[in-house]
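1. mind folding the following:
(one chain, ligands or ions: 2)
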Amino acid sequence: MATTIPVIDFQHYGLQVENTQTVTDEDLKQLGEEIHEAFRTIGFCYIKNHGIPQEMIDKAFKISKDFFDLPVDTKTKVKRSVDSNNGWVSPGRESLNPDRPGDLKEAFNFKPPDEKIFPDSDVPEMGKIFDEFFVVCKKMTFRIVDVLAVGLKLEDREFIRQCHQNIGNGNKNQTTLRSLMYPPLPTDGSILPGQTRCGEHCDYGTVTMLFQDDIGGLEVCNTTGKYIQATPVPGAICVNIGDLMQRWTADELKATKHRVLIPEDEVKKNKGRQSMAFFIHPDDDCVIKCLDGSDKYQPITALDYLNWRFSLTYY
Ligand SMILES: O=C(O)CCC(=O)C(=O)O
Ligand SMILES: [Fe+2]
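-> Ligands and ions are numbered 1, 2, ... in the order given. Modelled structure (predicted):
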């Protein structure tokens, strides 16, 4: 029974390994087994030694903070548009658990090549930093799905990677970098009953990479149905499976519910929290058909599936 989130060491297949030809089958098999076991049970793992430079992560957090600190009027100019999902999502706009009041968070979504979404005159470097970060996250995605293909014992080890070829081309793939800000919590009693930082939900896509600051608060539902802390592990990325991957693998892998509650600790309550999620989706026209041939779920394109999920989140 999985009651904790395992840490998987990517030292042999992180981005620091430039020439992947040198990676042994044995190393890949080991990683494949570890990631498969994590996603088959708790649906989450941490990846350490991933090779994404810490400096890049820090810069993306810093520039996001500069953005969220802008006045509401300025942020409103780059508000999320329904047709692209890109842009600013204002506080309370989303309830990831529709049974709860609006989440106490704001967010900024980016999917290239929509450069016009950045508030260039107010935060000049934002577009460049997000672009660079997106590219490196894409590279890391391929490492993760390669390992997953090995773990799933797919005949074609490149199959999942090929289904994600168009990441970064927003006209063909919906993979999105989302920066999140959970502001310090109001002390004036305005928090509604049941309101939280981020309601219980599963992610929609195949895989999510989550970068979080050191405040913590993310909780993951383990196999016993109990929520456990996904305490930030310095330097590690928190990685999880989304509903579409569960569907694709005919429930062999598990998309796990997670949430961010209001901290009980007064000091943490008065602090903001930041995280960044890279939500990975297959190419829009990729038909998601159960990999085991069971047809447990009807085949559906990645885009149709995502649009259906969005229609339940935003109304
Ligand atoms: O901020 C976090 O730690 C989690 C955010 C999350 O789960 C999401 O946006 O889907
Ligand atoms: Fe999530």
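2. surely Q54 and P234 touch.
-> No. Here Q54 does not reach P234: they are 9.2 Å apart, not a contact under C-beta atoms under 8 Å. For every residue, glycine as well, the C-beta is placed using N, CA and C.
3. for this protein, name the helix or strand with the lowest mean pLDDT.
-> Least confident helix or strand of the chain, by mean pLDDT, DSSP states H and E, is helix 266-269 with a mean of 85.
4. quick check: buried residues in it?
-> If you call a residue buried by 16 or more other C-beta atoms under 10 Å, then helix 266-269 has these buried ones: K268.
5. mind checking how far it is from the chain centre?
-> 25 Å (C-alpha atoms, centre = their mean, to the nearest Å).
6. likewise stretch 306-315?
-> Mean-position distance between stretch 306-315 and its chain equals 17 Å (C-alpha atoms, centre = their mean).
7. okay, buried residues for it please.
-> 306, 309.
8. quick revisit: show me what the helix or strand just after the least confident helix or strand of the chain is packed against.
-> Toward the C-terminus, helix 266-269 is succeeded by strand 273-280 as the next helix or strand (DSSP states H and E). Where contact means 3 or more C-beta pairs under 8 Å, 6 or more residues apart in numbering; DSSP states H and E, strand 273-280 is packed against helix 54-68, helix 126-151, strand 176-182, strand 207-212.
9. what's the per-residue pLDDT of the closest residue to D213 other than its chain neighbours here?
-> Distances taken as C-beta to C-beta, 6 or more residues apart in numbering place Q274 nearest to D213, at 4.8 Å, with adjacent residues excluded. The score at Q274 is 97. That number is its pLDDT.
10. neighbours around Q274, how many?
-> 20 (other C-beta atoms under 10 Å).
11. now stretch 278-287: buried residues?
-> 278-284, 286.
12. which of these sits closest to V89?
-> F279 (13.1 Å; C-beta to C-beta).
13. for that closest one, which residues make a bridge with it?
-> T176, T208 (DSSP bridges).
14. also the one 4 residues further on?
-> Beta-bridge pairing of D283 under DSSP bridges involves N173.
15. how about it, what does it touch?
-> Shown in contact with D283 (C-beta atoms under 8 Å, 6 or more residues apart in numbering): 163-166, 172-173, 302.
16. gap between it and C163?
-> 6 Å (C-beta to C-beta, to the nearest Å).
17. hmm, back to that, between the buried residues of stretch 278-287, which sits nearest W248?
-> P282 (8.3 Å).
18. hmm, that closest one is touching I288, no?
-> Yes. Counting by C-beta under 8 Å, P282 does reach I288; the two are 6.8 Å apart.
19. need the overlap of contacts for those two.
-> Contacts common to P282 and I288, judged by C-beta under 8 Å, 6+ apart, are 244, 302.
20. ok, I144 touching I35?
-> Yes. If you go by C-beta under 8 Å, I144 and I35 touch, sitting 7.5 Å apart.
21. list the residues that contact both of those two?
-> Counting by C-beta under 8 Å, 6+ apart, I144 and I35 have no common neighbour.
22. now which of the contacts of D283 would you call buried?
-> Using 16+ other C-beta under 10 Å, the buried ones in these are 163-164, 166, 173, 302.
23. closest to ligand 1 out of these?
-> Ranked by distance to ligand 1 (C-beta to the nearest ligand atom), these are led by A302 at 17.4 Å.
24. how about the closest residue to that closest one other than its chain neighbours, what does it touch?
-> Excluding its sequence neighbours, the residue lying closest to A302 (C-beta to C-beta, 6+ apart) is P282, at 4.2 Å. Residues near P282 by C-beta under 8 Å, 6+ apart: 163-164, 173, 205-206, 244, 288, 302.
25. mind checking pLDDT for P282?
-> 98.
26. just want the phi and psi numbers for it.
-> Note on P282: its backbone torsions stand at phi -70, psi 170 [degrees, to the nearest 10].
27. can you check the one 5 residues further on too?
-> In terms of degrees, to the nearest 10, the main-chain angles of V287 are phi -90, psi 120.
28. can you check I215 too?
-> According to degrees, to the nearest 10, I215 has phi -80, psi -40.
29. test my guess that it contacts R273.
-> Yes. Counting by C-beta under 8 Å, I215 touches R273, with 4.2 Å between them.
30. the two: who's more crowded?
-> Taking neighbours as other C-beta under 10 Å, I215 and R273 compare with R273 leading, 23 against 18.
31. regarding the residue nearest to R143 when sequence neighbours are not counted, what is its secondary structure?
-> Spatial nearest neighbour of R143, chain neighbours left out: Y13 (5.5 Å); criterion: C-beta to C-beta, 6+ apart. What DSSP: H, G, I helix; E, B strand; the rest coil gives for Y13 is coil.
32. about what we covered before: include secondary structure, distance to ligand 1 and pLDDT when you put the contacts of D283 into CSV, please.
-> As requested, the contacts of D283 are exported to CSV (DSSP: H, G, I helix; E, B strand; the rest coil; distance: C-beta to the nearest ligand atom, whole Å; pLDDT from 0 to 100):
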residue, secondary structure, distance to ligand 1, pLDDT
C163, helix, 21, 98
H164, coil, 19, 98
Q165, coil, 24, 98
N166, coil, 22, 98
K172, coil, 23, 97
N173, strand, 18, 97
A302, helix, 17, 98
